[in-house]
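Student: pasting the structure only:
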């Protein structure tokens, strides 16, 4: 029997085994369970639908959005709708984000955004790092879509944190 790795006498070069880490709890000091990937997806869908319906109700009558394929895109109108959409997002979600660390979708599905210490994140850095950076990045042709895709795929990490979570130093947990 090989004395170098007593767990596997056939392979002395195998990495020693360790006990698994429970990644459903983000800190040993805090007993908060991470929100599921499906719940986070559901919350994002609710938030997107809510903002989309309100935005369309404003932009279509103003002629800022057209479904006519023969009408060329207007850069000024696009930037205007982008800025107004972000302002609408902050007006719609700001109260709950500031006071509870939740968007409406997260609130409906029993989740909240916390810092890695389990605290309520500061509002302006949360809006800036978690949301504004990725909204602006999404406006860059091709690269914006790629960044958005990579951001979403990060949910499959063990700690279930997307790029926006890493940038903002936050995590989504069950409420």
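Tutor: Looks like it arrived, so ask away. These numbers were taken from a predicted model, which means no experiment stands behind them.

Student: Give me the three-state assignment for residue 55.
Tutor: Three-state assignment for residue 55 (DSSP: H, G, I helix; E, B strand; the rest coil): helix.

Student: Local confidence estimate at the residue lying closest to it once chain neighbours are set aside?
Tutor: Nearest residue to residue 55, sequence neighbours excluded (Cβ to Cβ, 6 or more residues apart in numbering): residue 85, at 5.3 Å. C-betas here are computed from N, CA, C, even on glycine. Looking at residue 85, its pLDDT is 91.

Student: what about residue 85, neighbour count?
Tutor: 17 (other Cβ atoms under 10 Å).

Student: can you check residue 53 too?
Tutor: 9.

Student: A helix includes residue 171, no?
Tutor: No - according to three-state DSSP, residue 171 belongs to no helix; its state is strand.

Student: contacting residues around it?
Tutor: 26, 34, 113-116, 159-161, 165 (Cβ atoms under 8 Å, 6 or more residues apart in numbering).

Student: Need the max-distance pair from those residues.
Tutor: 115 and 160 (15.5 Å; Cβ to Cβ).

Student: looking at this, residue 67 is in a helix?
Tutor: No - counting by three-state DSSP, one finds residue 67 to be coil, located in no helix.

Student: Next, it: phi, psi?
Tutor: phi -100, psi 10 (degrees, to the nearest 10).

Student: ok, it - how many residues close by?
Tutor: 6.

Student: any idea how far it is from residue 59?
Tutor: 11 Å (Cβ to Cβ, to the nearest Å).

Student: so of the contacts of residue 171, which ones are in helices?
Tutor: residue 165 (DSSP state H).
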